[in-house]
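S.K.: 3D, please:
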Amino acid sequence: MSVFYFIGVYFLGIIFAGACLDKVRKQTAHVQQMNAYRLLPPSFTAPMFYLFLFVELVCTAGLFLWNMSLVPAIGLIALLCIYTGAVMFNLLRGHRDISCGCGGLLENERLHWGIVIRNVLMLSLVIGLFYAHAYVDTIPWHVNIICFLIAVAVCFIIAISQEIMLFKRKWMDQFDMKNGSIEGDKMK
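M.R.: Residues are numbered from 1 along each chain as shown. The predicted model follows:
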C-alpha cells in the first residue's frame, strides 16, 4: 500500500508543479483566462490569481516535503473545489469557448465536462491519500525513487496522449466538409 501512496503523492506533486511553472511563465495569459470566466470583478482577478498560485506552490512543496499531510490536503481540496465549481458554473451557463486555465499537463483549450470528471477524480485521490497518510509505512529511498519515476512515466503517458489527440484534432480540422470537398482541392 505504501508504494501506491507514494506514486499517488508524487503524481499529484508533478501535476501541480507543472501547473505552477506554467502559470508563473504565463502570468498575464492566466489572469486573462481567469477574467474570461467572468466570476470575479476584474480588479480582483490578479490578486486571486496570485493567491491561488501561492496556495498551489505551498501545496506542491508540501507534497514533496511532507507527503499528503494536513496542509497540502486542505489546500488541494480547496483549490480543486474552487476550480471545479468555476468550470461547472461556466458549463451550466453555456460558456465553453475559453481555456480552462489549469496550466501544465492539465490545460485544455475549451471547457467541457471531462474537466469536471478529472477534477473530481483528483479530489478523490487527494482525500484517499490524506486518509491513508496515517497508515503508510516509510519505504527505502531506492523504492521511493522508483515510485517517483513511475509517477513521471504516468505524466509522460498523459502528455503523449494529449499530443496525439491534438495532432488528430488538427488533422481532422484540415478537411473542409462544407461543400463536400477537401481543403486545398482546387478541382471544380
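
S.K.: just checking, what packs against the helix ranked longest in the chain?
M.R.: Counting by DSSP state H, the longest helix found in the chain is helix 141-173. Here helix 141-173 touches helix 2-25, going by 3 or more Cβ pairs under 8 Å, 6 or more residues apart in numbering; DSSP states H and E. Where C-beta positions appear, they are placed from N, C-alpha and C, glycine not excepted.

S.K.: lowest-scoring secondary structure element of the chain by mean pLDDT?
M.R.: When the helices and strands of the chain are scored by mean pLDDT, DSSP states H and E, helix 141-173 comes last with a mean of 91.

S.K.: buried set for it?
M.R.: Of the residues in helix 141-173, Cys147, Phe148, Ile150, Ala151, Val154, Cys155 count as buried by neighbour count, 16 or more other Cβ atoms under 10 Å.

S.K.: okay if I get those residues as TSV plus distance to Arg118?
M.R.: Converted to TSV, these look like this (distance: Cβ to Cβ, whole Å):
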residue	distance to Arg118
Cys147	22
Phe148	22
Ile150	20
Ala151	17
Val154	14
Cys155	14
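
S.K.: and of those residues, the nearest to Ala29?
M.R.: Nearest to Ala29 among the buried residues of helix 141-173, counting by Cβ to Cβ, is Cys155 at 22.0 Å.

S.K.: pretty sure that closest one contacts Ile15?
M.R.: Yes - assessed by Cβ atoms under 8 Å, Cys155 is found in contact with Ile15 at 6.9 Å.

S.K.: now do the shared contacts for those two.
M.R.: Common contact partners of Cys155 and Ile15 (Cβ atoms under 8 Å, 6 or more residues apart in numbering): Leu105.

S.K.: low-scoring stretches of the protein, by residue?
M.R.: Scanning the chain for pLDDT under 70 picks out 176-188.

S.K.: middle-most residue in it, spatially?
M.R.: Most central in the chain under Cα atoms, centre = their mean is Leu106, positioned 3.4 Å from the mean C-alpha point.

S.K.: tell me the contacts of it?
M.R.: Shown in contact with Leu106 (Cβ under 8 Å, 6+ apart): Ile15, Ala19, Cys100, Arg118.

S.K.: gap between it and Pro47?
M.R.: Taking Cβ to Cβ, to the nearest Å as the measure, Leu106 falls 23 Å from Pro47.

S.K.: and Ile115, by the same measure?
M.R.: Separation of Ile115 from Pro47 (Cβ to Cβ) stands at 24 Å.

S.K.: Leu79 too?
M.R.: Applying Cβ to Cβ, the value for Leu79 to Pro47 is 16 Å.

S.K.: higher neighbour count, these two?
M.R.: Set Leu79 next to Pro47 and count neighbours by other Cβ atoms under 10 Å: Leu79 wins out with 20 against 11.
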